[in-house]
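# Build me a model from this:
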Amino acid sequence: MKAEPNPVWEELAALINSRPEEERKRYFEEIRRFKHDLQNALGMISTAEKLMEREGRSNPELKVDWELLGVIKEGAAEAFALLAEIAQFSEAIKT
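Below is the predicted model:
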């Protein structure tokens, strides 16, 4: 998923790129770790949502709050879009 350019992220990347190489690497690695950890947590939420939906559709006797499941799905999609922004930002940092 490609994120829309965000001037604030571009400015922040430019500030980081103006720092010495070791600092740039440290910032890049911390941003990469943060994105990775957030992506893992979001992946678990998304997987749980998909499993609940699959079980609800295959078992009509199972009580599923479809509205709540939709909210979870929409929130996960928005969070994945934010992750794409973070990825684009981190790619602008020169290491």
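
# what's stretch 66-77 in contact with?
42, 45, 46, 49, 52, 53, 56 (C-beta atoms under 8 Å, 6 or more residues apart in numbering). The C-beta positions use only the backbone N, C-alpha and C, and glycine is treated the same way.

# Pull out the buried residues from those residues.
Those of the contacts of stretch 66-77 that meet the buried threshold are 42, 46, 49, 52, 53, by 16 or more other C-beta atoms under 10 Å.

# in which helix or strand would I find the closest residue to the fourth one other than its chain neighbours?
Yep, that's residue 52 we're talking about. Nearest non-adjacent residue to residue 52, counting by C-beta to C-beta, 6 or more residues apart in numbering: residue 69, 6.0 Å away. Using DSSP states H and E, residue 69 falls within helix 66-91.

# For that helix, buried residues please.
Neighbour-count burial for helix 66-91 [16+ other C-beta under 10 Å]: 69, 72, 73, 76, 79, 83, 85, 86, 87, 88, 89, 90.

# Low-confidence regions, the protein specifically.
1-3 (pLDDT under 70).

# how far out from the middle of the chain is the longest helix anywhere in the chain?
Longest helix in the chain, counting residues (DSSP state H): helix 21-58. The chain centre lies 6 Å from the centre of helix 21-58; the measure is C-alpha atoms, centre = their mean, to the nearest Å.
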